[in-house]
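Q: mind folding the following:
(one chain, ligands or ions: 1)
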Amino acid sequence: LRQKYIDLIAGASDEAALEALRVQAVGKKGEVSLKMRELGKMTPEERKSAGPALNALKDGINSALAGKKAALADAALDERLKSEWLDVTLPGRPQRRGTIHPVSQVTEEVTAIFADMGFAVAEGPQVETAWYNFDALNIPGHHPARAEMDTFYMAGDSDEPHVLRTHTSPVQIRSMQQRGAPIRTISPGRVYRSDYDQTHTPMFHQVEGLAIDRDISMANLKWVLEEFFSAYFGTKVKTRFRASHFPFTEPSAEVDIQCSWQDGTLKVGEGDGWLEVLGSGMVHPHVLRSGGIDPDQWQGFAFGMGIDRIAMLKYGIPDLRAFFDSDLRWLRHYGFAA
Ligand code: PHE
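A: Residues are numbered from 1 along each chain as shown. Have a look, this model is predicted:
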């Protein structure tokens, strides 16, 4: 009987078969259990030898059952491990993460530096009326500046002619109208001119600065700009003001920053070279009036700077057009994408 069950148990293919064998052998009505019940009908002599033998039989079967049960569980685990096996030496799948475009990075940086100096961000529309883009800025219809700016005019027959703004200066007027004086705003955004070469794209970015109060002067402008460039380039940067002309400022100045060429790379804040980076001046009285501000009470400065231009300077990028090609290899080369 013992050998019969040992063999059956060894041959059991799963836990259900094993359980059936357990019931069949040592269950309540199992073969071994029935034999044990017969002990009661035996003589004491017979019982003395049969009792221990039956107990040993029962123990033997129970331990065979337990052993087989453990073996089946082991086999099941092995099976699972085989199918769920993971090769931790395989290279990972690359995850390409999006990044902030360099022009956006620089825009954020520029506005943050000016924000530290108390300038608030003010924005205006990219499709602008000719009045805001030109007339309000003291550029009347016949003025040559309109032609010089290579303006994109919007098609349409509305009474108000619209243009793609050629500069961020119209935001000066909108800020004055919305906020009144005193005022300190910084206005980044896209501007458009029909122009295309290594340093010009038909869409580019400017940032406009405007500060109006009782006695703001060109000296304040110079301090603010030197403070800005030094923070932006991370080194003390001198500026040079050259007399210039813009219809919306009087007097007007073009501003250069100190730089030099060393082994074919441009170093800002060193040497005795100069590079033009922005236009500026004292806001023209006509412009203050367009914005609803009394020029007898208030005065201030304005400047307009090319964002892409100062981004090119900071990262040593020679061709502006590459900014807008969306070429991942280029973005990665300059560390702008992962
Ligand atoms: N709007 C001028 C330009 O686009 C720059 C400028 C802004 C000049 C403000 C003076 C004052 O060239």
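
Q: mind listing the helices for the stretch 1-150 of the chain?
A: Counting by DSSP state H, counting those that start in this stretch, the stretch 1-150 of the chain has these helices, from start to end: 2-11, 15-26, 31-37, 44-83, 102-116, 130-133, 144-148.

Q: most packed of these?
A: Between the helices of the stretch 1-150 of the chain, the one whose residues have the most neighbours on average, counting mean count of other Cβ atoms under 10 Å, is helix 130-133 (a mean of 21). Every residue, glycine included, has its C-beta placed from N, CA and C.

Q: what about the closest residue to residue 137 other than its chain neighbours, how many neighbours?
A: If the residues on either side of it in the chain are set aside, residue 137 comes closest to residue 248, at 4.1 Å by Cβ to Cβ, 6 or more residues apart in numbering. A total of 25 residues lie near residue 248 under the criterion other Cβ atoms under 10 Å.

Q: which residue, other than its chain neighbours, is closest to residue 216?
A: Nearest in space to residue 216, with sequence neighbours left out and distances taken as Cβ to Cβ, 6+ apart, is residue 300 at 4.4 Å.

Q: distance check, residue 310 against the ligand.
A: Counting by Cβ to the nearest ligand atom, to the nearest Å, the separation of residue 310 from the ligand is 14 Å.

Q: can you dump the C-alpha atoms of stretch 3-19 in CSV for me?
A: The C-alpha trace of stretch 3-19 is given here as CSV (Å, rounded to 0.1, in the frame of the first residue of the first chain):
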residue,chain,number,x,y,z
GLN,A,3,4.6,1.8,-2.4
LYS,A,4,1.3,2.2,-4.3
TYR,A,5,0.8,5.7,-2.9
ILE,A,6,4.4,6.7,-3.1
ASP,A,7,4.3,5.9,-6.9
LEU,A,8,0.9,7.7,-7.4
ILE,A,9,2.1,10.7,-5.5
ALA,A,10,5.4,10.9,-7.5
GLY,A,11,3.3,10.8,-10.7
ALA,A,12,0.8,13.5,-9.8
SER,A,13,1.0,16.2,-12.4
ASP,A,14,-0.6,19.1,-10.5
GLU,A,15,-1.9,20.2,-7.1
ALA,A,16,-5.5,19.0,-7.9
ALA,A,17,-4.3,15.5,-8.7
LEU,A,18,-2.3,15.5,-5.5
GLU,A,19,-5.3,16.6,-3.4
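
Q: picking up where we left off before, a markdown table for the helices of the stretch 1-150 of the chain, including mean pLDDT?
A: As requested, these are exported to a markdown table (pLDDT from 0 to 100):
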| stretch | mean pLDDT |
| --- | --- |
| helix 2-11 | 88 |
| helix 15-26 | 90 |
| helix 31-37 | 87 |
| helix 44-83 | 89 |
| helix 102-116 | 96 |
| helix 130-133 | 95 |
| helix 144-148 | 75 |
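
Q: give me the residue from the stretch 101-250 of the chain nearest the ligand.
A: Evaluated by Cβ to the nearest ligand atom, the stretch 101-250 of the chain has residue 167 as its residue closest to the ligand, separated by 3.4 Å.

Q: number of nearby residues for that residue?
A: Other residues near residue 167 number 21, with proximity taken as other Cβ under 10 Å.

Q: same thing with residue 222?
A: Here the neighbour count serves as a burial measure; for residue 222 (other Cβ under 10 Å) it reads 17.

Q: now do the one 4 residues further on
A: Taking other Cβ under 10 Å as the neighbour definition, residue 226 ends up with a count of 17.

Q: quick one: it and residue 238 touch, right?
A: Yes - the pair residue 226 and residue 238 qualifies as a contact (Cβ atoms under 8 Å) at a distance of 7.0 Å.

Q: rewinding a little: turn the helices of the stretch 1-150 of the chain into TSV, columns for distance to the ligand.
A: Formatted as TSV, the entries for the helices of the stretch 1-150 of the chain read as follows, by distance: least, Cβ to the nearest ligand atom, whole Å:
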stretch	distance to the ligand
helix 2-11	92
helix 15-26	83
helix 31-37	103
helix 44-83	67
helix 102-116	14
helix 130-133	10
helix 144-148	9
